[in-house]
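A.B. asks: Sharing a sequence plus its predicted fold:
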Amino acid sequence: MLDAILLFPAVLAGLSFAYVGICIAALLRFRARIRNVKESEFRPPITILKPICGMETNLEANLRSFCRQDYEDFQIVFGVHDNQDAAIPTIRRLIEEHPELDLSLVVDDRIIGSNYKVSNLANMFDNARHDIIVIADSDMRVCRDYLKTVALPFADPEVGAATCVYSGRATGRLSSRLGAMFVNDWFLPSALIPGVFGRLTYCFGATMAIRRSNLIKFGAFDALANVLADDFMLGRLVHEQGNRVALVPYIVENVIEDPSLKALFLHELRWARTIRSVEPLGYAASAVTELIPIAALGSAGLFLSTGSVLYAAGLFAAAAVLRLALHYTISSTVPGRGTASPLLVP
């Protein structure tokens, strides 16, 4: 009985090995999709909704990246709740810089539910002119081919929504590097698994693109007004309508600016609570994603049950090699993010 208990961590380590192997395969497959994206004449008019609250770090550069799209017909609606919001001068400066673009600002303090971001989106939606609606968080940054790539899945009439995964770019301090590494080494590969190997049934806040008809059909933003994980639920509602949620072959960039380790901890705690609220079983199963700690426990259990240092060391060494392989697969998929540091992998 005792031997079985001691060997259980080694069995759990085997599940972690399988998980990391699947993540590497998903990354390689998704990277191939990104590299094989072909030019298309399908470019429907698009409205981008940008909900904003306060003056975030790098806000101007983030918003400007959405203005500089290689796309013929698009509209951007910026939205804030408060006419004293610190971001308003930045938004107005961008609008003045780009008179050739269809840019506008909505200031409206109407609240329709507990989710203030969704209230902001509902206030902005009245100004949306086009049938493809793209919602993108204000802390995201994109390249000029973003809209061209996001539009591609909608050439298929079965697609009701599309979404993008995102990577983290660190700004320098340790807390930011750890935050970006969490996004890159934990979120990104785990997020790709259902989209690459299965059927995606939810969206990510980095980009939620949806047909106006699908949005109206489930009640528009009123249906999300009291939902914490609005991105998750938007995709789920489209899936329940019988339409597909497509994973766009594009990785949006999130510039991470965590001022301290405490701020990073609180940020990740909120994120974990959100995941637990929408996917409790998946949250519990996420224990297998922690390969290094599980391998350490497995090695200890293996040594105590067999007395073999060779077996124990071999298990941990294999885990370390596989974890580094995942880390560098990620770093080559999203290069230049400032997180390619094996010392931070554990």
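C.D. replies: Perfect, thanks for sending it.
A.B. asks: Let me see the contact set for residue 210.
C.D. replies: Contacts for residue 210 (Cβ atoms under 8 Å, 6 or more residues apart in numbering) come out as 132, 133, 135, 160, 161, 162, 234, 238. Bear in mind the C-beta positions are built from the backbone N, C-alpha and C, glycine included.
A.B. asks: Return the subset of those residues lying in strands.
C.D. replies: 132, 133, 135, 160, 161, 162 (DSSP state E).
A.B. asks: Looking at those, which two lie furthest apart in space?
C.D. replies: 135 and 160 (14.1 Å; Cβ to Cβ).
A.B. asks: Tell me where the chain is predicted with low confidence.
C.D. replies: Within the chain, the segments meeting pLDDT under 70 span 1-7, 10, 172, 195-196, 278, 282-283, 335-346.
A.B. asks: Tell me the buried residues in the helix of greatest length in it?
C.D. replies: Criterion DSSP state H: the longest helix present in the chain is helix 2-35. Residues 6-7, 9-10, 12-13, 16-17, 19-20, 22-27, 30-31 are the ones in helix 2-35 that count as buried (16 or more other Cβ atoms under 10 Å).
A.B. asks: do the same with stretch 275-292
C.D. replies: So for stretch 275-292, counting by 16+ other Cβ under 10 Å, buried means 275, 278, 286, 288, 289, 290, 291, 292.
A.B. asks: For residue 98, which non-adjacent residue is spatially closest?
C.D. replies: residue 67 (5.4 Å; Cβ to Cβ, 6 or more residues apart in numbering).
A.B. asks: swap in residue 107?
C.D. replies: With Cβ to Cβ, 6+ apart, the residue lying closest to residue 107 is residue 83, at 5.0 Å.
A.B. asks: repeat for residue 91
C.D. replies: residue 78 (4.8 Å).
A.B. asks: Spit out the contact partners of that neighbour.
C.D. replies: 50, 52, 63, 91, 103, 104, 105, 106, 124.
A.B. asks: give the contact list for residue 58.
C.D. replies: Residue 58 touches 139, 141, 255, 257, counting by Cβ under 8 Å, 6+ apart.
A.B. asks: Which members of these are the farthest-apart pair?
C.D. replies: Maximum distance among the contacts of residue 58 (Cβ to Cβ): 12.2 Å, for 141 and 257.
A.B. asks: So what does the residue of the chain positioned farthest from its centre have for phi and psi?
C.D. replies: Largest separation from the mean C-alpha position in the chain: residue 307, at 43.8 Å (Cα atoms, centre = their mean). Backbone geometry at residue 307, expressed as degrees, to the nearest 10, gives phi 80, psi 10.
A.B. asks: Look up how far residue 294 lies from it.
C.D. replies: To residue 294, residue 307 is 21 Å away according to Cβ to Cβ, to the nearest Å.
A.B. asks: hmm, back to that, make a markdown table out of the buried residues of stretch 275-292 and add distance to residue 316 and secondary structure.
C.D. replies: Listed next are these as a markdown table, based on distance: Cβ to Cβ, whole Å; DSSP: H, G, I helix; E, B strand; the rest coil:
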| residue | distance to residue 316 | secondary structure |
| --- | --- | --- |
| 275 | 28 | helix |
| 278 | 34 | helix |
| 286 | 21 | helix |
| 288 | 16 | helix |
| 289 | 17 | helix |
| 290 | 14 | coil |
| 291 | 10 | helix |
| 292 | 8 | helix |
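A.B. asks: Which pair of the residues you listed spans the longest distance?
C.D. replies: 278 and 292 (26.8 Å).
A.B. asks: Much appreciated, bye for now.
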